[in-house]
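Student: Prediction below, plus the sequence it came from.
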Amino acid sequence: MAATIEDTSTTTSAPARTEGSRRPSSVGPVLLTTLTWIVAIGFFFPVLWMVLTAFKTESAAYTDPPTLFFSPTLEQFEAVFDAGIGPYLANSLGATAISTILVLLLATPAAFALSLRPVEKTQDVLFFFISTKMLPVVAAIVPIYVVVNEIRALDNIWTLIVLYTAMNLPIAVWMMRSFFLEVPKELLEAASIDGASLGRTLREVVLPIISPGIFATALICVIFAWNEFFFAVNLTAANAGTVPVFLVGFITSEGLYWARLSAAATLAALPVVLAGWFAQNKLVQGLSFGAVK
Amino acid sequence: MRRAPLVPALVFTIVVTQIPFLLTLYYSVQSWNLVRPGSQRFVWFENYVSVFADSQFRGVALNTIIMTLGSVIIAVILGLLLALLLNRHFIGRGVVRTLLVTPFLITPVAAALLWKTTLLDPTYGLINFVLSPFGASGTDWVSTFPLASVMASLIWQWTPFMMLLLLAGLQSMPGDQVEAARVDGAGAWAIFVELTLPHLRRFLELGIVLGAIYLVNTFDAVYMITQGGPGTASANLPFYIYQRAFLGFDIGQSAAMGVVVVVLTIIVATFALRLVFRSFGAAGSES
């Protein structure tokens, strides 16, 4: 993370200095900055609008022209909780947290074996992991449904946990590997010369260095697991349904109540938006399987 | 012994991800409809023949290509423009980046809902309100342009990702090179074309490949905004196969479609991914 910040400051300060020394016009940068802000607010506006609508009454949500100023109310959030979003939030939380922990437990040793102590055929194993992400999920859903139905595991939270673990594991292996590769080899050599055991080296030398990486990997897994919809809608219902499943059901019953829907959508999106804001420096690294630092 | 740490992850991934695909292969040569118990029988390649004879399937395959490539390319272009805007030093840069990242983080189901209702609604939608001075009020976007409506929500969600990726690319550019070119009197456009674009090439390739891998699986937006309709006008392969499997209960047919999709994906993706990751050296000879 520190490296990223340094990069930013060096590359951005260079053009800034030249602009300052040449002084072609001071209007250009101001215009560009204004434009940037306008575009950013434009992109963000739908989200802001969703949150605003969630605090409106239904009559204020349906106006032409749209209402910007209104007296906020919490009644929509109350209605969403009365409609029973609670258990769905708990399911999302459970599926997300447990699958993320499982991913980290499986991916950390695997990434270690593929980086600091590379095994034979490391390349092939890495490409096997990434290739599972390329196979369209839809081609697997039919047998998954049949098997899950056969073992009486439909509408069971553990079904989602297993699938989410498999879904995030390849990303986590690649990402964790890129963090392990950042550990200086000299440190490991020094530790082994000092006679430290492998376990102790890992605990006392490697772990402190890669712990921000583990945290970032966990956040990426949280984002994907929380937002997942395809498995959830096909394999769960009232018992193990997650928040996106609740949202779809809510549309069927309350489709005409925008303010209430916005409140539900805001609750569904909020945890991941917060996680993502924290992880934004590492988002690209996770999504590009560690290819971009 | 060195392999021991790798085994659990590998076994887990093989069991959970590969067995279903083997079963898909098996089901694809069976005639099997869930609503007719005991109807399962071996039919050789009958399912494949009917998949290729199905004109709807071909239309849906075309939709998938348009939806995936169209969204990815537009998101890459917009993302590049945003990345260029953000690759400067200005007040509130961190805030602007946070605002721009947010659409990518919104739960896709919630994002699709947002587009379908508060943005694209013909009467109360924000888009028509913004466009009303230009005489476009009252347009029913979702029924008139179903495919474009789905793509709009996808582009809105994926532009931030492309921006972050390309911004990382821009920031990894050696600053002294640009400065040297500037001292030599090169203009901004010349620097962009001669230095920036070549440097960004591998980031652009990576963005296109990754975007395509994620977006070819689009399901949420189609399910929420148009349900693939009208007819199959905005259905893509994931949604169409889902319909066949879970509304038509035709296991054999949907499995055959799944196999076709997998084969096509493998052909495109293996070449593309190897190429891109080789150029990044992420899986290169270092290990």
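Tutor: Ah, there it is. Residues are numbered from 1 along each chain as shown, chains lettered A, B, ... in the order given.

Student: For B:Ala181, give me the pLDDT.
Tutor: For B:Ala181, the pLDDT comes out at 87.

Student: Output stretch B:157-173 as PDB - backbone C-alpha positions only.
Tutor: The C-alpha atoms that make up stretch B:157-173 are tabulated as PDB, following Å, rounded to 0.1, in the frame of the first residue of the first chain:
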ATOM      1  CA  GLN B 157     -21.000  -0.600 -12.800                       C
ATOM      2  CA  TRP B 158     -17.900  -1.600 -14.800                       C
ATOM      3  CA  THR B 159     -16.500   1.800 -15.800                       C
ATOM      4  CA  PRO B 160     -15.100   2.400 -12.300                       C
ATOM      5  CA  PHE B 161     -13.200  -0.900 -12.500                       C
ATOM      6  CA  MET B 162     -11.700   0.000 -15.800                       C
ATOM      7  CA  MET B 163     -10.800   3.400 -14.400                       C
ATOM      8  CA  LEU B 164      -9.000   2.000 -11.400                       C
ATOM      9  CA  LEU B 165      -7.100  -0.500 -13.600                       C
ATOM     10  CA  LEU B 166      -6.100   2.200 -16.200                       C
ATOM     11  CA  LEU B 167      -5.200   4.600 -13.400                       C
ATOM     12  CA  ALA B 168      -2.900   2.000 -12.000                       C
ATOM     13  CA  GLY B 169      -1.400   1.800 -15.500                       C
ATOM     14  CA  LEU B 170      -1.000   5.600 -15.800                       C
ATOM     15  CA  GLN B 171       0.700   5.800 -12.400                       C
ATOM     16  CA  SER B 172       3.200   3.100 -13.300                       C
ATOM     17  CA  MET B 173       4.400   5.300 -16.200                       C
END
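
Student: Spell out whether that stretch and chain A are in contact.
Tutor: Yes - judged by C-beta under 8 Å from any C-beta of the partner chain, stretch B:157-173 and chain A are in contact via B:159-161, B:164-165, B:168-173. (Glycine included, C-beta is placed from N, CA and C.)

Student: need these in a markdown table with secondary structure, can you?
Tutor: Putting the residues of stretch B:157-173 next to chain A into a markdown table (DSSP: H, G, I helix; E, B strand; the rest coil) gives the following:
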| residue | secondary structure |
| --- | --- |
| B:Thr159 | helix |
| B:Pro160 | helix |
| B:Phe161 | helix |
| B:Leu164 | helix |
| B:Leu165 | helix |
| B:Ala168 | helix |
| B:Gly169 | helix |
| B:Leu170 | helix |
| B:Gln171 | helix |
| B:Ser172 | coil |
| B:Met173 | coil |
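
Student: Out of those, which is nearest to B:Arg88?
Tutor: Using C-beta to C-beta, B:Leu170 is the member of these that lies nearest B:Arg88, at 10.0 Å.

Student: quick one: which helix or strand includes the closest residue to A:Ala95 other than its chain neighbours?
Tutor: Counting by C-beta to C-beta, 6 or more residues apart in numbering or on different chains, the nearest residue to A:Ala95 once its immediate chain neighbours are dropped is A:Leu160, at 4.5 Å. Taking DSSP states H and E as the criterion, the element that holds A:Leu160 is helix A:157-180.

Student: could you say what helices and strands that helix packs with?
Tutor: With contacts taken as 3 or more C-beta pairs under 8 Å, 6 or more residues apart in numbering or on different chains; DSSP states H and E, helix A:157-180 sits against helix A:85-113, helix A:122-134, helix A:207-227, helix A:230-235, helix A:258-287, helix B:7-13.

Student: Make sure B:Leu86 is actually in contact with A:Trp37.
Tutor: No - between B:Leu86 and A:Trp37 there is no contact under C-beta atoms under 8 Å: 11.0 Å.

Student: overlap in contacts of these two?
Tutor: B:Val96 (C-beta atoms under 8 Å, 6 or more residues apart in numbering or on different chains).

Student: the more surrounded of those two?
Tutor: B:Leu86 (22 against 17; other C-beta atoms under 10 Å in any protein chain shown).

Student: got a pLDDT number for the more buried one?
Tutor: pLDDT, B:Leu86: 93.

Student: what do you get for A:Ala237?
Tutor: 89.

Student: tell me the contacts of A:Gly213?
Tutor: Per C-beta under 8 Å, 6+ apart, neighbours of A:Gly213: A:175-176, A:178-179, A:182, A:282.

Student: can we see that at 10 Å?
Tutor: A:1, A:108, A:111, A:175-180, A:182-183, A:282, A:285, A:290 (C-beta atoms under 10 Å, 6 or more residues apart in numbering or on different chains).

Student: Return a PyMOL selection command for the buried portion of those residues.
Tutor: To isolate the buried ones among the contacts of A:Gly213 in PyMOL, judged by 16 or more other C-beta atoms under 10 Å in any protein chain shown, type:
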select buried, chain A and resi 108+111+175+176+177+178+179+180+183+282+285+290
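
Student: of the contacts of A:Gly213, closest to A:Val30?
Tutor: For the contacts of A:Gly213, the nearest to A:Val30 is A:Met1 (30.9 Å; C-beta to C-beta).

Student: so what pLDDT did the closest one get?
Tutor: At A:Met1, the pLDDT value in this model is 36.

Student: Please apply the same query to B:Ser287.
Tutor: 35.

Student: swap in B:Gly284?
Tutor: On pLDDT, B:Gly284 comes in at 40.

Student: now the strands for chain B?
Tutor: Assigned by DSSP state E, chain B shows strands spanning B:30-31, B:41-42.

Student: ok, now how distant is B:Val101 from A:Val292?
Tutor: With the distance defined as C-beta to C-beta, to the nearest Å, B:Val101 ends up 15 Å from A:Val292.

Student: Please apply the same query to B:Trp189.
Tutor: 26 Å.

Student: Counting neighbours around each, name which of the two comes out higher.
Tutor: Counted by other C-beta under 10 Å, B:Trp189 and A:Val292 do not tie: A:Val292 has more neighbours, with 23 against 8.

Student: Surely B:Ala188 and B:Arg88 touch.
Tutor: No - with contact defined as C-beta atoms under 10 Å, B:Ala188 does not reach B:Arg88; the gap is 11.9 Å.

Student: what distance separates stretch B:243-260 from the centre of its chain?
Tutor: Here the centre of stretch B:243-260 is set off from its chain's centre by 22 Å, with C-alpha atoms, centre = their mean, to the nearest Å.

Student: Now it: buried residues?
Tutor: B:243-246, B:250-260.

Student: what do you get for stretch B:59-68?
Tutor: So stretch B:59-68, judged by 16+ other C-beta under 10 Å, has buried residues B:60-61, B:63-64, B:67-68.

Student: sorry, back to before: quick one, which of B:Ala188 and B:Arg88 is more surrounded?
Tutor: Neighbour count, other C-beta under 10 Å: between B:Ala188 and B:Arg88, B:Arg88 has more, with 16 against 9.

Student: For the more buried one, give its distance to B:Ala112.
Tutor: 33 Å.

Student: returning to that earlier point: for A:Ala268, state which of the buried residues of stretch B:243-260 is nearest.
Tutor: Closest to A:Ala268, out of all of these and judged by C-beta to C-beta, is B:Phe246, at 22.6 Å.

Student: any idea of the pLDDT on the closest one?
Tutor: 84.

Student: Over to the one 10 residues further on?
Tutor: With respect to pLDDT, B:Ala256 scores 91.
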